[in-house]
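Asker: Quick one: sequence plus predicted model below, questions after.
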Amino acid sequence: MSYQEIYAKENARAKERFALVCERIHEAAQAPETEACYADYFQKTAEFLLLTVRVLEMQQEGALSGRSMEECEALNQKLYADILPGDDGYEKSYANPAYAVKKLGEALGGPLCFLYAECRALIAYAFEGRLADMTVLMELFVEIYTCFCSTEGTGDQEIHNILYWHFHDYSELLVAQSIRESVDPGLDFFTGIVQHADLDDLTYLYRYGEYISDNEKRTAQYLSGLSQEQIQAMADTFTEGYRIGFEVTNKDLSKKKTVSIHYAIGFERVVRKAMENFAGMGLSCVVFRDAVSSMGSRGHGKRGCYSTAANRQFDFDHRNDSAYYLDKAFVKRRLEVLRDAYETYKDLAAVFAGPAVQEVFGEEPFTPVQKPEAAHYNEKQQKLKVYYANEAGQITNRYIKGEERSFTIIAYPLPAIGKDYEKIFAETVKLNTLDYLLYRNMQQRIIDVLDRAQQVRICGKGKNRTDLSVAILKPEDPGRQTAFENCVADVNIPVGEVFTSPVLKGTHGVLHVTGVYLNELYYKDLELTFTDGMVTDYTCANFDDPAENRRYVRENVLMQHETLPMGEFAIGTNTTAYRMARDYQIAERLPILIAEKTGPHFAVGDTCYSHAEDTKVFNPDGKEIIAKDNERSILRKTDAFKAYFNCHTDITIPYDELDTITAVLADGSTADVIRDGKFVVPGTEELNVPLEKHL
């Protein structure tokens, strides 16, 4: 069945309710029956809801296709105008918690702001023709509106209760829908656009219902100017990396039937070819939309099908909106429905091979404004978030087994990267296809040195304060075992790193970077202190208030955990990527995927082998990689909750902030891998060439 057929029964059942709720919303839009101080909020929100109803009508009439570019742009602007940056947009929008509290008061401004932000999911539902889902959300609005029409007045607790029970009552439907979207190729709204749209007519971009900026339009235009051979080569790099990922980890791809593709709107020409390639491997493609509700929000980064954010401050302000309903009972219920949903779709989950991810980069670094009016998790909720993530990860792994799935990830620049966009794009394509044999051999020479080490010491230079000692698991049989993986552009494109899971005991010191961009957020002077491999202190210099800096790091690097282990130590070897970043002055705009290859990096969170530690992995030289566990991950054998953190964030020290990387051997002698920011292991001299030349 197609997505339209899947939703047809639900829509038919909700049709009468939909008509009734629309009548009430029309009344609110014309003459709100509330106190004057709330009338503007309800009138404007009702007008927005009716706009999405009109979009649904257009979808039902088939009128979303065949529109002129002017019509497409006008509707897109109208749908997103009030969250776009500026005095005429977000600064005076009820989607802005600071403005909402100012206009509606401290008690009710926050929850009403949350309600409006949640209602913006109606855009996606309307474009997909999901009348039933629209009905549920519109009924929530009407229920709260009716409270404000009461002559007895409205208390903030009453509004909180309505919001709370809405998400508790509908969690079963929302979670089940989310799981199905991630594994069922029958939900073909997105694959239908990719496979059947006329990609020469850029109005197809507006069929998604996402915000469309110059990035999406110029990307599509640029790709339309490339030859079929160039497009095919980009798709081949993407899908071949995915296939090789199964091969090198000894996983059987033939048992799988589906793959999820994550991509940025504008890249449909490449994605279409990738879908054809995957079909040749026997895989049907699944595509879902990046989260539009607080129920599905990851809080950072984009996945699924997505576009440039209309306003990253809006996204940041609403990253913790689930605080309005998150409690122990909700977590318990959500875990129950998650199990039920996976049980319902267990056959689809069992044949899911994993994600193929295409990321984009190039936007200006974003340092958010911390708003006290925005939703924040209290201490209990922070712990519940961590608990839920751990438990949900375990449930997911039971149905989509880590030892059977794989992934691949690749990145390309957006036009926002600047005037050299086309040159940078071409350079990125070259990065993604560098000679892996050349790197494999040089990286092996580095591994030969590191495998002799008990510890590796990393020291920064200049303004970089890094002084860190990392304990290494020493192979018992050096002829057949190694502690480091020789990463040569299979699942993790581009080529260029050797990495290990450090021994936590004996790993200590300070990790510092003067500036780094992690999960779309910028950090100035990020500093983490490790004791026996665990983070024991942290800060940055983004804000004047030290407490704000700590909260920023805890929420977005530690992901609400009190501490995290060092899950990975790696040495990036892609000096060509480093050179590109410096020549075009885009270092702060590189994604982690590329940035991690431009110097040593350290991941906080799970190891690279999370949920697949017992799968044997071998380097190209035939040696088995033995450093897949650490003292925390090994607890999976007795208590999986203590073993996994369900996060992994790489933090890279660029070569120009690096003094030395030194292997400290058991007898106390040393061997430098990098000295004064340059590789000194014999046979790696070619890695220094890009470090020494300029554009």
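Answerer: Ah, there it is.

Asker: what sits against the nearest residue to residue 17 once chain neighbours are set aside?
Answerer: Nearest residue to residue 17, sequence neighbours excluded (C-beta to C-beta, 6 or more residues apart in numbering): residue 135, at 5.1 Å. All C-beta atoms are positioned from the backbone trio N, CA, C, and that covers glycine. Applying C-beta atoms under 8 Å, 6 or more residues apart in numbering, one finds that residue 135 lies in contact with 14, 17-18, 21.

Asker: At which residues are the helices of the stretch 301-450 of the chain located?
Answerer: With DSSP state H, counting those that start in this stretch as the criterion, the stretch 301-450 of the chain has helices at 312-317, 328-344, 346-350, 379-399, 421-431, 436-450.

Asker: Worst mean pLDDT among these?
Answerer: Ranked by mean pLDDT, the helices of the stretch 301-450 of the chain bottom out at helix 379-399, with a mean of 90.

Asker: so where's the stretch 1-150 of the chain shaky on pLDDT?
Answerer: Along the stretch 1-150 of the chain, the model assigns pLDDT under 70 to residues 1-2.

Asker: what's the spacing between residue 93 and residue 123?
Answerer: Relative to residue 123, residue 93 is positioned 15 Å away (C-beta to C-beta, to the nearest Å).

Asker: For the protein, which residue occupies the most central location?
Answerer: The chain has residue 301 as the residue nearest its centroid, 3.1 Å off, counting by C-alpha atoms, centre = their mean.

Asker: for this structure, which strand is longest?
Answerer: strand 503-518 (DSSP state E).

Asker: any idea how far whatever helix or strand comes next after it is from the chain center?
Answerer: Heading C-terminal from strand 503-518, the first helix or strand you meet, by DSSP states H and E, is strand 521-531. Relative to its chain's centre, strand 521-531 lies at 20 Å (C-alpha atoms, centre = their mean, to the nearest Å).

Asker: What is the helix or strand following strand 521-531 packed up against?
Answerer: The helix or strand immediately downstream of strand 521-531 is strand 534-539, counting by DSSP H and E. The criterion is 3 or more C-beta pairs under 8 Å, 6 or more residues apart in numbering; DSSP states H and E, and the helices and strands that strand 534-539 contacts are strand 521-531, helix 546-556.

Asker: Any chance of JSON lines for these, columns mean neighbour count, distance to residue 457 and mean pLDDT?
Answerer: Formatted as JSON lines, the helices and strands packed on strand 534-539 follow (neighbours: other C-beta atoms under 10 Å; distance: least, C-beta to C-beta, whole Å; pLDDT from 0 to 100):
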{"stretch": "strand 521-531", "mean neighbour count": "20", "distance to residue 457": "13", "mean pLDDT": "94"}
{"stretch": "helix 546-556", "mean neighbour count": "17", "distance to residue 457": "24", "mean pLDDT": "94"}
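
Asker: Take those and lay them out in a markdown table including distance to residue 386.
Answerer: Compiled in a markdown table, the helices and strands packed on strand 534-539 are given as follows (distance: least, C-beta to C-beta, whole Å):
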| stretch | distance to residue 386 |
| --- | --- |
| strand 521-531 | 18 |
| helix 546-556 | 11 |
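
Asker: Which of those sits closest to residue 388?
Answerer: helix 546-556 (15.5 Å; C-beta to C-beta).

Asker: which other helices and strands contact that closest one?
Answerer: Using 3+ C-beta pairs under 8 Å, 6+ apart, helix 546-556 sits against strand 521-531, strand 534-539.

Asker: Mind listing the strands the longest one pairs with, and their directions?
Answerer: Yep, that's strand 521-531 we're talking about. When pairs are called by DSSP bridges, strand 521-531 turns out to pair with strand 503-518 (antiparallel), strand 534-539 (antiparallel).

Asker: That one vs helix 546-556, what angle?
Answerer: Inter-element angle recorded for strand 521-531 and helix 546-556: 90 degrees (by axes from the mean of the first three to the mean of the last three C-alpha atoms, to 10 degrees).

Asker: which SSE is residue 455 in?
Answerer: strand 453-460.

Asker: just checking, what packs against whatever helix or strand comes next after that strand?
Answerer: Heading C-terminal from strand 453-460, the first helix or strand you meet, by DSSP H and E, is strand 467-471. The contact analysis (3+ C-beta pairs under 8 Å, 6+ apart) places strand 467-471 against strand 453-460, strand 503-518.

Asker: Not counting its neighbours along the chain, what's nearest residue 171?
Answerer: residue 334 (5.3 Å).

Asker: doesn't residue 274 make contact with residue 232?
Answerer: No. In this structure, residue 232 is not within contact of residue 274 by C-beta atoms under 8 Å, at 9.8 Å.

Asker: Could you check which of those two has the larger neighbour count?
Answerer: Between residue 232 and residue 274, counted using other C-beta atoms under 10 Å, the more crowded position is residue 274 (27 against 17).

Asker: give the contact list for that one.
Answerer: By C-beta under 8 Å, 6+ apart, the neighbours of residue 274 are 235, 238-239, 261, 356.

Asker: From those, pick the one nearest residue 406.
Answerer: residue 356 (9.4 Å).

Asker: what's around the closest one, how many residues?
Answerer: Neighbour number of residue 356 under other C-beta under 10 Å is 28.

Asker: That one contacts residue 271, correct?
Answerer: No. At 9.6 Å, residue 356 does not count as touching residue 271 under the criterion of C-beta under 8 Å.

Asker: anything in contact with each of these two?
Answerer: Joint contacts of residue 356 and residue 271 (C-beta under 8 Å, 6+ apart) are residue 261.

Asker: so which strand or helix has the residue nearest to residue 383 when sequence neighbours are not counted?
Answerer: Take residue 383 and drop its neighbours on the chain: the residue closest to it by C-beta to C-beta, 6+ apart is residue 560, 7.9 Å away. Residue 560 is part of no helix or strand, with elements assigned from DSSP H and E.

Asker: got the contact list for residue 560?
Answerer: Taking C-beta under 8 Å, 6+ apart, one finds 377, 382-383, 385-386, 554 in contact with residue 560.

Asker: quick one: contacts of stretch 186-199?
Answerer: 1-3, 6, 128, 180-181, 185, 204, 207-208, 220, 224, 268-269, 271-272, 275, 285-289, 305.

Asker: again, only this time at 7 Å
Answerer: Stretch 186-199 is contacted from outside by 1-3, 6, 128, 180-181, 204, 207-208, 224, 268-269, 271-272, 275, 285, 287, 305, using C-beta atoms under 7 Å, 6 or more residues apart in numbering.

Asker: From the contact counts, what lies against the helix or strand that residue 13 is a member of?
Answerer: In this assignment (DSSP H and E), residue 13 forms part of helix 3-30. If you count contacts as 3 or more C-beta pairs under 7 Å, 6 or more residues apart in numbering; DSSP states H and E, helix 3-30 packs onto helix 36-61, helix 131-148.

Asker: switch the cut-off to 10 Å
Answerer: helix 36-61, helix 122-128, helix 131-148, helix 156-183, helix 189-196 (3 or more C-beta pairs under 10 Å, 6 or more residues apart in numbering; DSSP states H and E).

Asker: Could you list the residues in contact with the helix or strand following the first one?
Answerer: For helix 36-61, the succeeding helix or strand toward the C-terminus, using DSSP H and E, is helix 69-80. Helix 69-80 is contacted by residues 48, 51-52, 54-55, 58, 63-64, 67-68, 84, 89, 120, 122-123, 126-127, 201-213, 217, 310-311, 314 when judged by C-beta atoms under 10 Å, 6 or more residues apart in numbering.
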